[in-house]
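Trainee: just the structure for this:
(3 chains)
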Amino acid sequence: MLPIFGLHGADSKSYLPREDHLDVMPMTRLPLIYKISLDLAASYNFHLTARAYAIPGEYDGERYQCLYTLEGMPTALVARVHQGDLVLSFFSEAKLPPSGLLEIASHILGFHEDLEEFYTIVSRDPLLHPVSTTLRGMHMKATYSLWNGFLIAICQQNASFRQGWTMYSKIVHLFGDTKILEDGSTVHAPPTPNALLTIGERIRKAGTGYRAETILNLAQYFSEHPELQAPPSEVSEKLLQQLKRVKGVGEYSFRVALLFSQRRYDLPPVDRWVARLLSEIYANKPLNLKEAEELSKQLWRSWCGLSIFFMTITLNAAIISKALEVAKTGRINPITDGDQLSPLTLWRNLKL
DNA sequence: TGCCAGGCGGGGT
DNA sequence: ACCCCGCATGGC
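Mentor: Numbers count the residues shown, from 1 in each chain, chains lettered A, B, ... in the order given. Below you'll find the predicted structure:
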């Protein structure tokens, strides 16, 4: 890990209790337990990072927030930029050491990463070159939990980008936990495995279709194997591999889950969409999934998983016919703003 | 209105 | 190891 950030002192003032009352369902507000300001490296773009694949409620154009269970207690991370610093606030009922909290924030936001080698590799890439220019400084945002990674992955099965993320967003908003922070804001957590087991078939209300069965199979498996709910880096490789035996979890979903939750950049989640692009843009001949995977490793080496993540962003996650048309004729032009739905505008344009 | 969309597993070769 | 099909759901 490179020492690219200078740490400023923690700011413990502010956030006095408010006088306003909730007249329905009084709820304990999560107290601020730690706040720190980090000197932002020029190589890190917070707003591009935060908005990529952020669902409504997770990012609002100013701040990024997420909620997870840590040591059995709901814990929220709020991040924003203030005067060139990355300001991180942690809210929880648990007492957690600052070092652990910072590690979690770093895992989620990726501000520790050095992408210079990756930029060199993609700087002349026909589909990825914007990553080293207009999108420079954008990192992949990771989920804190392995479970969350799988939940997102299953939602992407045989679905368009819009359908997959609508599905996931509905699952979070309909069935997830909701907390109010000390600063008055509301934050959502993805439903836990046990919560989903209670919900059962009603998860179909989120539009999951036949994926409901897979999600419930996974919830059951996670519920029976609490070791899987440890911090992602502490889950053994052997235990991870077992997850592929859950019915409905194939190679693609497994890799998406590990990419999103563990930053496994060396594990390319190759689907039909990626295989078609690699076939027609890079190979000029049809490739099956295995051949496409091999080519992705040749092209991008240990960064092939991250390349595929960024490819969905540079092509705005368009359906394959549209993506091919753009890739062959038009300019690669990632949509970062405005009313059109793209991975970078989900947070404001996704209708639930 | 059918038809398709970042898969998957079961059942064929 | 392949190939092929059906599977829910929602959007065009």
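Trainee: give the contact list for A:Val81.
Mentor: A:Val81 is in contact with A:Leu40, A:Phe46, A:His47, A:Val87, counting by C-beta atoms under 8 Å, 6 or more residues apart in numbering. Any C-beta I mention is one placed from the backbone N, CA and C, and that applies to glycine too.
Trainee: ok, and which of the residues you listed reach DNA strand B?
Mentor: Among these, not one lies near DNA strand B by C-beta under 7 Å from any atom of the strand.
Trainee: which one of these is nearest to DNA strand C?
Mentor: A:His47 (26.0 Å; C-beta to the nearest atom of the strand).
Trainee: state the three-state secondary structure for the nearest residue to A:Pro286 once chain neighbours are set aside.
Mentor: The shortest distance from A:Pro286 to any non-neighbouring residue, by C-beta to C-beta, 6 or more residues apart in numbering, is to A:Ser279 (5.2 Å). Three-state call for A:Ser279 (DSSP: H, G, I helix; E, B strand; the rest coil): helix.
Trainee: A:Ser279 against A:Ser296, yeah?
Mentor: No. Counting by C-beta atoms under 8 Å, A:Ser279 does not reach A:Ser296; the two are 11.6 Å apart.
Trainee: tell me which of these two has more neighbours.
Mentor: Remark: of A:Ser279 and A:Ser296, A:Ser296 carries more neighbours, 24 against 18, as counted by other C-beta atoms under 10 Å.
Trainee: DNA strand B versus that one, what's the distance?
Mentor: With distances taken as C-beta to the nearest atom of the strand, to the nearest Å, A:Ser296 is found 13 Å from DNA strand B.
Trainee: that residue contacts A:Val274, correct?
Mentor: Yes. At 7.4 Å, A:Ser296 counts as touching A:Val274 under the criterion of C-beta under 8 Å.
Trainee: next, show the common contact partners of those two.
Mentor: A:Pro268, A:Ile308.
Trainee: please identify the buried residues of stretch A:115-130?
Mentor: Within stretch A:115-130, the residues that qualify as buried are A:Leu115, A:Phe118, A:Tyr119, A:Ile121, A:Val122, A:Asp125, A:Leu127, A:Leu128, A:His129, A:Pro130, counting by 16 or more other C-beta atoms under 10 Å.
Trainee: those in helices, which ones?
Mentor: Here DSSP state H is the test, and the buried residues of stretch A:115-130 give A:Phe118, A:Tyr119, A:Ile121, A:Val122 as lying in helices.
Trainee: in a markdown table: these, plus distance to A:Asp339 and pLDDT.
Mentor: Formatted as a markdown table, those follow (distance: C-beta to C-beta, whole Å; pLDDT from 0 to 100):
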| residue | distance to A:Asp339 | pLDDT |
| --- | --- | --- |
| A:Phe118 | 31 | 98 |
| A:Tyr119 | 30 | 98 |
| A:Ile121 | 33 | 98 |
| A:Val122 | 28 | 98 |
